[in-house]
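Peer 1: predicted model and sequence below, questions to follow.
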Amino acid sequence: YIRCVGFLYLRYAGEPERVWEWFQPYLYDDEPFQVYAKGTKPETTIGEWVRSLLTEMNYHGTLLPRLPVQIERNVKVQLLQAEQNEER
């Protein structure tokens, strides 16, 4: 859970230019964890959760800081490339 707090901090307060650099090594981390208390929702993996922080603008009713348009485009392209590489 400590890593998750770190990812949230980086997403909220980190430099948008470095978001990909920080998150990329964990995109396909398969460690399971419970996002919600007491199993009200199914488990997810660190990788799925990190990808959602990069692609979604809401986090449990809180708006995440908007990434600059060019950085957001680059992140989406890099996510697609990473997904293709993972499938191979």
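Peer 2: Nice, thanks for sending it over.
Peer 1: any regions of the chain where pLDDT drops low?
Peer 2: Where the chain drops to pLDDT under 70, the residues are 37-40, 88.
Peer 1: middle-most residue in it, spatially?
Peer 2: Nearest to the mean C-alpha position of the chain, by C-alpha atoms, centre = their mean, lies residue 50 at 2.2 Å.
Peer 1: name the element that one belongs to?
Peer 2: Using DSSP states H and E, residue 50 sits within helix 46-55.
Peer 1: and that helix, what does it pack onto?
Peer 2: Using 3 or more C-beta pairs under 8 Å, 6 or more residues apart in numbering; DSSP states H and E, the elements in contact with helix 46-55 are helix 2-13, helix 19-23, helix 69-87. Yep, even glycine has a C-beta here, placed from its N, CA and C like the rest.
Peer 1: mind listing what's buried in the first one?
Peer 2: In this case it means helix 2-13. Residues of helix 2-13 classed as buried by neighbour count (16 or more other C-beta atoms under 10 Å): 7, 11.
Peer 1: show residues contacting stretch 73-87.
Peer 2: Identification of contacts with stretch 73-87 by C-beta atoms under 8 Å, 6 or more residues apart in numbering yields 19-20, 24, 27-28, 51, 54-55, 67.
Peer 1: mind putting these into CSV with neighbour count and distance to residue 78?
Peer 2: CSV is the format used below for the contacts of stretch 73-87 (neighbours: other C-beta atoms under 10 Å; distance: C-beta to C-beta, whole Å):
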residue, neighbour count, distance to residue 78
19, 21, 10
20, 17, 6
24, 15, 7
27, 18, 9
28, 16, 13
51, 18, 11
54, 20, 9
55, 11, 12
67, 19, 12
